[in-house]
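Asker: quick one, fold the following:
(one chain, ligands or ions: 1)
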Amino acid sequence: MATLRLLPFVLTALLVAAQNEAPSSSVAASVSITAAASSTSSALPPPPTESTYYVIPVSPVPFTPLPSPSDPAPIPGVFPSAAPNNPPPISSDPTVVPDFAPAWAAAYQKAQAKIAGFTLEEKVNVTTGVGWQNGLCVGNIPPVYPIEGRGWPGLCLEDSPLGVRYADFVTAFPAGINSAATWNRALLRTRGLYMGQEFVGKGVHVQLGPMMNIGKNAQGGRNWEGFGADPFLSGEAAYETILGMQQGGVQACAKHYINKWQEFDRTMESSNVDDRTEHEIYGHPFLRSVMAGVASVMCSYNLINDTYACENDRTLNQILKYEYGFQGYIQSDWSATHSTMGATAGLDMTMPGDIAFGSNTSYFGYNLTQFVENGTIAESRLDDMATRIVAAWYLLGQDAPTFPNVSFNAFNALDEVHNLHIDVMADHATVVREIGAASTILLKNVNNTLPIKGVRSLTMVGSDAGPDLLGPNGYTDRGGDDGVLAMGWGSGTDQYPWLISPLEAIQARARLDHTLVSWFLDDFDYAGVASNVQGQQMAIVFVNSDSGEQYITVDGNEGDRKNLTAWHGGDELILTVAANNNNTVVVTHSVGPLIIEPWVDHPNITAILWAGIPGQEAGNSLVDILYGAWNPSGRLPYTIAKNASDYPSQLVLGGTAEDILSINYTQGLFVDYRWFDAQNITPRYEFGYGLSYSTFEYSNVEVSTVTNADDQYDAELIANWEAGLPNPLTVGSSTALWLHAPAYQVAFDVKNTGAYYGGEIPQLYVHFPASAGEPPQVLKGFTNLNLNPGETQRATITVNRHSLSIWDVAAQGWVKPNGTITFTVGASSRDPRLNGTFPA
Ligand code: BGC
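Answerer: Just a heads-up that it's a prediction; the model follows:
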């Protein structure tokens, strides 16, 4: 157990917070959403008044705002006029880097002018949520009155990373993990854009997503909200999602910063991480979020190296704001603020505002006012906090008079005053269906079992094939598992408008071919299953595995998964089907990896489809894959191991309620496939794996240096980097354009040698010299191509200097390791097809 190293004022605050122990935000939400009686006043209420305040430390903390990092424009290879409404074009191989600095500078100018008209208390109010359930959204920043002219309308902050939570007539998009499994930048961007439009359509200013914690542990309850186990893939997914969301007009919120990865003891665990690992693995998606111009970042519940995330000067001020050059604001996770002095560590906004839900106290609010008035916290720091928040609002153009009012009540579905039932779904179901198909991973396909052709009778087995007995939204925050699984549970959910089950979709499709259809949805009646599948030309058996946020326990799983086996006796169910039908197709709807050894090699199992949690069109997406309307192109965003113990990290349980649980990130850089490669452990299906109905051949690899990218401006930095010197630490040094602008291009041919049109996802893995201390290979690029049978296309993967660097802890900079850096390009992390060497 680690001991808390906290200053006395923090301890005082902690004691007060403990006395005010609140239920989890979302528990309260789930209780009240079903309570018809709960109501909210018609306008957002005035800020809360606090009666409690704390002993103020005596030494003033000085503050100097950070300059905005930018290079002089224009830089070739850089997209200089980037603004949220004008992001760089979608490309499967992006070759421009957006420079959001000018857009931020313009937003800052407006924000500073606005803030200049605010009183001290009004500036404090901009940083302080109104308190739990005191507004229409899960988080609310009060207006500055009068709103017209001098004032400001405040903010609505709303979950989730996959759709507008607690609202109706919204789309239930595929989860983050599915979007990552597409490895398709266009789909990632489009999903973000459509979500952004829906949030704005409902009057939301800030969408509380995307979630980008690395799936370090396969059992982590909220992994499915994020983008998998690899930092590069997660980084690209975060980047594209945010560009899309913000183009849609909503502020994105990169969460949870940082090292939040298991649900057990999430507010009482210290993630102990070394600086290199932090930079190369866990920080990377946040770095990419900053590069996408993200408006907001949410600090997490946990501690990092024994200091709470929301008062961690190292991670907030030093890394995020200084080194990454983050221009937006940092908001706390719900009740993750631990002191007023967190403001000096970089925290800009406290959410939902009160110390404990309903406590009518705040670490900001009155206390922040006092701390500023007596000089402990510099007023320039408060100005900086308020400026960052208001600047983000301007950055997104939310000052437009056309920006909609909030038109739902997150806490009362029956409030007919505020729930205007505005339909914002447009035709987004189409892209949900497409992403669902594009994220479905074909793991096994013996003798071209799929796509289905000439099957005269089929049956579907397992409750996951059918509808939920309680309806799609029968369990609050989706905290139950019955019927097809298309979302995990917790705050990362929204209401399904409908949920297309495989039973419904397959039956509708099968009748076109006059295929006889049967089903058997009882997971435990094995005799019934056996007789149902006998004599069928194909038996499709469905199993699932669910997880979510800790405030709901489902089937003994307190958020995190207890184990990695299929739910509802899934292994037994599959074995029963396979024992009675020699054309058994397994479909999984799972939040993450499962151990599938009991049945994967069964000779009667002819195909396996890994469908993840694909959102509202689950059945339709599956039909597109089963019948070949979409040739599978999804690839695993994590490793499927043969044994749970093969993974490099496990849940950390134990401890007492008072202790801080130490979670030591002993596997360092060796997360997921990096560990399997280094330890020579054979996985069942490796990271990046996925079959197609077609086959692809790779040839003619060439690597070239991208010339003139930005030499004239950053010649010295580039020369230093090439000479193996670390880039100097300064504001924005880790997101500097020269470090991320194209440096090398790897080109190669991909030929479709099979019979089906379809997509291939070439992946580039960098192999550093042994002296670099890196894993054997690390993903640093991918692209996607669509090819007709017989067609060849030239693909490119562009690589930047950052991708060829490691973090030098002593120098605090990115450095190109000494020696030869090579690469492989292939169809998965264990299927290299081509290789080469980056020019020295
Ligand atoms: C979750 C956040 C969420 C917030 C608001 C917290 O419990 O960790 O991800 O955005 O609640 O609902």
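Asker: residue numbers of the stretch 351-500 of the chain in contact with the ligand?
Answerer: Ser491 (CB under 6 Å from any ligand atom). C-betas here are computed from N, CA, C, even on glycine.
Asker: local confidence estimate at the closest residue to the ligand within the stretch 351-500 of the chain?
Answerer: Across the stretch 351-500 of the chain, the shortest distance to the ligand (CB to the nearest ligand atom) belongs to Ser491, at 3.9 Å. Among the per-residue scores, Ser491 holds a pLDDT of 98.
Asker: not counting sequence-adjacent ones, nearest residue to Glu323?
Answerer: Distance criterion CB to CB, 6 or more residues apart in numbering; nearest residue to Glu323, sequence neighbours excluded, is Ser734 at 4.8 Å.
Asker: report the contact partners of the one you found.
Answerer: His279, Leu287, Glu323, Tyr324, Gly325, His802, Trp814 (CB atoms under 8 Å, 6 or more residues apart in numbering).
Asker: residues near Asn447, how many?
Answerer: By other CB atoms under 10 Å, 7 other residues sit near Asn447.
Asker: report whether stretch 299-311 contacts the ligand.
Answerer: No. For stretch 299-311, no contact with the ligand is found by CB under 6 Å from any ligand atom; the gap never falls below 6.6 Å.
Asker: rewinding a little: turn the contacts of Ser734 into CSV, columns for pLDDT.
Answerer: Below are those laid out as CSV (pLDDT from 0 to 100):
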residue, pLDDT
His279, 98
Leu287, 98
Glu323, 96
Tyr324, 96
Gly325, 95
His802, 98
Trp814, 98
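Asker: could you pull up the mean pLDDT of stretch 199-218?
Answerer: Here the average pLDDT along stretch 199-218 is 98.
Asker: distance of Gly813 relative to the ligand?
Answerer: Distance of Gly813 to the ligand, computed by CB to the nearest ligand atom, to the nearest Å: 32 Å.
Asker: how about the spatially closest residue to that residue that is not a sequence neighbour, phi and psi?
Answerer: Nearest-residue entry for Gly813: Pro726, 3.1 Å, with adjacent residues in sequence omitted and distances by CB to CB, 6+ apart. Here is the backbone geometry of Pro726 (degrees, to the nearest 10): phi -70, psi 150.
Asker: doesn't Ala107 lie inside a helix?
Answerer: Yes. The assignment for Ala107 is a helix, going by DSSP: H, G, I helix; E, B strand; the rest coil.
Asker: on that earlier part again, just the ones of the contacts of Ser734 in strands?
Answerer: Trp814 (DSSP state E).
Asker: in JSON lines, list the contacts of Ser734 along with neighbour count.
Answerer: What follows is those, written out as JSON lines (neighbours: other CB atoms under 10 Å):
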{"residue": "His279", "neighbour count": "23"}
{"residue": "Leu287", "neighbour count": "25"}
{"residue": "Glu323", "neighbour count": "23"}
{"residue": "Tyr324", "neighbour count": "23"}
{"residue": "Gly325", "neighbour count": "25"}
{"residue": "His802", "neighbour count": "22"}
{"residue": "Trp814", "neighbour count": "23"}
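Asker: between the contacts of Ser734, which is closest to Cys310?
Answerer: Tyr324 (17.1 Å; CB to CB).
Asker: that closest one: what's it in contact with?
Answerer: Gly283, Phe286, Leu287, Val290, Gly732, Ser734, Thr735.
Asker: pLDDT-wise, which helix or strand of this protein ranks last?
Answerer: Scoring the helices and strands of the chain by mean pLDDT, DSSP states H and E places helix 25-34 at the bottom, with a mean of 30.
Asker: now Gly483: how far from Asn544?
Answerer: 9 Å (CB to CB, to the nearest Å).
Asker: and the residue nearest to Glu323, that's in a strand?
Answerer: No. Secondary structure of Ser734 (three-state DSSP): helix, not part of a strand.
Asker: and the gap between it and the ligand?
Answerer: 25 Å.
Asker: quick thing: my sequence starts at 403, can you match it?
Answerer: Let's use 403 as the start, then, which means that last one is Ser1136.
Asker: local confidence estimate at that residue?
Answerer: For Ser1136, pLDDT reads 96.
Asker: do you know how far it is from Asp677?
Answerer: 12 Å.
Asker: next: Phe1170.
Answerer: 18 Å.
Asker: comparing these two, which residue is more hemmed in?
Answerer: Phe1170 (22 against 16).
Asker: ok, that one touching Glu1176?
Answerer: Yes. Contact between Phe1170 and Glu1176 holds when scored by CB atoms under 8 Å: they sit 4.1 Å apart.
Asker: what ranges of the chain fall below the confidence cut-off?
Answerer: 403-460, 470-480, 482, 1110-1114 (pLDDT under 70).
Asker: now do 50
Answerer: Applying pLDDT under 50 to the chain flags the ranges 403-453, 455, 475.
Asker: got a list of what the closest residue to Glu1124 other than its chain neighbours touches?
Answerer: Spatial nearest neighbour of Glu1124, chain neighbours left out: Lys1218 (6.9 Å); criterion: CB to CB, 6+ apart. Going by CB under 8 Å, 6+ apart, Lys1218 touches Trp1123, Glu1124, Gly1126, Arg1203, Leu1206, Ser1207.
Asker: so which of these sit within helices?
Answerer: Judged by DSSP state H, the contacts of Lys1218 include Trp1123, Glu1124 as members of helices.
Asker: count the neighbours of the closest residue to the ligand within the stretch 553-702 of the chain for me.
Answerer: Closest to the ligand within the stretch 553-702 of the chain is Leu610: 3.9 Å, counting by CB to the nearest ligand atom. Residues within reach of Leu610, counting by other CB under 10 Å, total 29.
Asker: give me the distance between it and Asp632.
Answerer: Leu610 sits at a distance of 23 Å from Asp632 (criterion: CB to CB).
Asker: then Gly1126?
Answerer: For Gly1126 relative to Asp632 (CB to CB), the value is 26 Å.
Asker: these two: who's more crowded?
Answerer: Using other CB under 10 Å as the criterion, Gly1126 and Asp632 rank with Asp632 on top: 28 against 12.
Asker: what helix or strand is the nearest residue to Leu1038 once chain neighbours are set aside on?
Answerer: What sits nearest to Leu1038 in space, not counting adjacent residues and going by CB to CB, 6+ apart, is Tyr1091, at 5.0 Å. Under the assignment given by DSSP states H and E, Tyr1091 is not contained in any helix or strand.
Asker: dump the residue contacts of Tyr1091.
Answerer: Ile843, Leu845, Arg1037, Leu1038, Ser1230, Ser1231, Arg1232, Asp1233 are the contacts of Tyr1091 under CB under 8 Å, 6+ apart.
Asker: what bridges to the first one?
Answerer: It stands for Ile843. Ile843 forms beta bridges with Trp1012, as assigned by DSSP bridges.
Asker: make sure it is actually in contact with Ser1094.
Answerer: No. Counting by CB under 8 Å, Ile843 does not reach Ser1094; the two are 10.4 Å apart.
Asker: so what sits against both of the two?
Answerer: Pro1034.
Asker: which one of these two has more residues nearby?
Answerer: When Ile843 and Ser1094 are compared for neighbours, Ile843 comes out ahead with 26 against 20, by other CB under 10 Å.
Asker: for the more buried one, what are its contacts?
Answerer: So Ile843 contacts Ala583, Leu1011, Trp1012, Ala1013, Gly1014, Pro1034, Gly1036, Arg1037, Leu1038, Tyr1091, Gly1092 (CB under 8 Å, 6+ apart).
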